[in-house]
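>>> I'll drop the sequence and a predicted model, then ask my questions.
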Amino acid sequence: MSEADTSTLDGLLVLDFSQFLSGPSAALRLADLGATVIKIERPLTGELGRQLYISDLETEGDSSLFHTINRNKRSYAADLKDPQDLAKVKRLIARADVMIENFRPGVMARIGLDFETVRKLNPRIVYGSVTGYGPRGPWADLPGQDLLAQSRSGLVWLNGDGSQGPVPVGLALADILTGAHLVQGILACLLRRSLRGVGGQVEVSLLESTLDFQFEVLTTHLNDGGKVPQRSFVNNAHAYLGAPYGLYATRDGHIALAMGPLEKLAQAIACSSLEPYFDRSRWFSERDAIKEIIAGHLSSETTQHWMDRLVPVDYWCAPVMTWPELLAHEGFRVLDFLQDVVLDSGATVHTTRCPIRIDGVRPASAMAAPKVGEHNEWVEAHYLRGPKENSHG
């Protein structure tokens, strides 16, 4: 099967007005699946995400993060405050299938590119909007940022042990989840368009996506009389699950234990001290005492020692791996999940690939993130010169 067979969105034109992570991650996924994505950026400086560093790693003047999340895109530099540039962008919008923006509410309206205005230019367009906390309400104008959304959502009270204060997830979880939800909404709206011939607006927010991520435990809270989540004081990994769920230190590392019958675990690791706790009703109410016993027992041998006893009896467990350990393992290498993206200068960005396979084949493209305005001529040649513009792609 050829690589082209995975270009399921070939022929779609996506205009990416967004910045930082949530919107650009959605546009990246659409690009990976074959859409032509044009990044609309301010001249010279480009999108602010070019200077968003999560380390001190830089490639050709832009952050490594920018290169990671904006590969497979083209850049069109336009000053949206300049009437001539704005007119060109509106002509692009008239031809586009999808438009993505993640500014605070009201910003696109001031530019004249809000949904109500845009759909007059193109009734079939699917308009994707990301906000921090929704388009209205007392939080609407506050900065939508990942850590802030995690904090308002209550998520930070599910992590860490019971003796700790709030613990955030150490990733841009809210941003990436929101980008994924935006893709889902866009694809659903595109499907509706194919059936009914009309576009629409897809709206997502960091807060709502982070709340949706918690839907299982939040639903429990809503139906158990409003009890506050109680994190385990010993090796907490889920505030609503009983023993042995958690991470445990071994003699040379750590091992993860998921849910499973305590008697099965006790037999596999030869821990008779667990016998008084075989009654399932005690696994949550007395989980700290149970976990203390397990922790003391597992610290006596290596991770592999315990894996050799738990895996044969199908007890749910895993070694806690570092990135170097993961990347060196055949279980990871067989996934073929990494690629090299080569810039014009010859510099290489080693990064991930699309996590989706289509008909058994993973979409792949080594096109690097663009320089500011790198594709202005290409965009104008394909979309802005006369009635016989070339097709997308």
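Structure's in. What do you need?
>>> CA atoms for contacts and neighbours, from now on please.
OK.
>>> where's the closest residue to residue 253 other than its chain neighbours relative to residue 321, distance?
The shortest distance from residue 253 to any non-neighbouring residue, by Cα to Cα, 6 or more residues apart in numbering, is to residue 303 (6.2 Å). From residue 303 over to residue 321 the distance is 11 Å, taken as Cα to Cα, to the nearest Å.
>>> Please look at residue 298 and residue 250 and confirm they touch.
Yes: between residue 298 and residue 250 there is a contact under Cα atoms under 8 Å: 5.4 Å.
>>> what ranges do the strands span in the chain?
Remark: strands assigned in the chain by DSSP state E are 13-16, 36-41, 58-59, 62-63, 73-77, 98-101, 126-131, 200-205, 246-249, 254-257, 317-319, 338-342, 348-352.
>>> Worst mean pLDDT among those?
Ranked by mean pLDDT, the strands of the chain end with strand 58-59 at the bottom, a mean of 66.
>>> can you pull the contacts of residue 207?
132, 133, 134, 149, 150, 152, 153, 174 (Cα atoms under 8 Å, 6 or more residues apart in numbering).
>>> let's see it at 10 Å
131-134, 144-146, 148-154, 174-175, 178, 213 (Cα atoms under 10 Å, 6 or more residues apart in numbering).
>>> What residues are bridge-paired with residue 201?
Judged by DSSP bridges, the bridge partners of residue 201 are residue 127.
>>> count of residues packed around it?
Per other Cα atoms under 10 Å, the neighbour tally for residue 201 reads 18.
>>> returning to that earlier point: higher neighbour count, residue 303 and residue 321?
More neighbours surround residue 303 than the other of residue 303 and residue 321, with 22 against 14 (other Cα under 10 Å).
>>> Wait, the more buried one touches residue 250, no?
Yes: with contact defined as Cα atoms under 10 Å, residue 303 reaches residue 250; the gap is 5.6 Å.
>>> so what sits against both of those two?
In contact with both residue 303 and residue 250: residue 319, using Cα under 10 Å, 6+ apart.
>>> Could you double-check that residue 310 sits in contact with residue 260?
No: counting by Cα under 10 Å, residue 310 stays clear of residue 260, with 11.1 Å between them.
>>> Where does the record place the domain boundaries for this structure?
3-213+333-383, 254-319 (automatic domain parsing).
>>> Select from those domains the stretch with the lowest mean pLDDT.
domain 3-213+333-383 - the lowest mean pLDDT of the domains of the chain, at a mean of 93.
>>> Any idea how far that domain is from the middle of the chain?
11 Å (Cα atoms, centre = their mean, to the nearest Å).
>>> Now for residue 298 and residue 250: what residues contact both?
In terms of Cα under 10 Å, 6+ apart, residue 298 and residue 250 are both contacted by the residues 305, 306.
>>> do you know how far residue 380 is from residue 373?
Distance from residue 380 to residue 373, by Cα to Cα: 11 Å.
>>> so what's in contact with those two at the same time?
residue 76.
>>> Please identify which of these two sits among more neighbours.
Each of residue 380 and residue 373 has its neighbours counted (other Cα under 10 Å); residue 373 has more, 22 against 15.
>>> can you tell me which residues contact that one?
39-46, 74-78, 379.
>>> what's the closest residue to residue 342 other than its chain neighbours in contact with, if anything?
Leaving aside its sequence neighbours, residue 342 sits nearest to residue 348 (Cα to Cα, 6+ apart; 4.6 Å). Residue 348 sits next to 59, 339, 340, 341, 342, 368 when contact means Cα under 10 Å, 6+ apart.
>>> Can you name the two of these that sit furthest apart?
59 and 339 (16.3 Å; Cα to Cα).
>>> a markdown table please, covering the strands of the chain and showing distance to residue 118.
Listed next are the strands of the chain as a markdown table, based on distance: least, Cα to Cα, whole Å:
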| stretch | distance to residue 118 |
| --- | --- |
| strand 13-16 | 12 |
| strand 36-41 | 15 |
| strand 58-59 | 35 |
| strand 62-63 | 31 |
| strand 73-77 | 18 |
| strand 98-101 | 9 |
| strand 126-131 | 8 |
| strand 200-205 | 10 |
| strand 246-249 | 50 |
| strand 254-257 | 50 |
| strand 317-319 | 50 |
| strand 338-342 | 34 |
| strand 348-352 | 34 |
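>>> before we move on, the earlier item: just the buried subset of the contacts of residue 207, please.
Burial by neighbour count, 16 or more other Cα atoms under 10 Å: within these this picks out 131-134, 144-146, 148-151, 153-154, 174-175, 178, 213.
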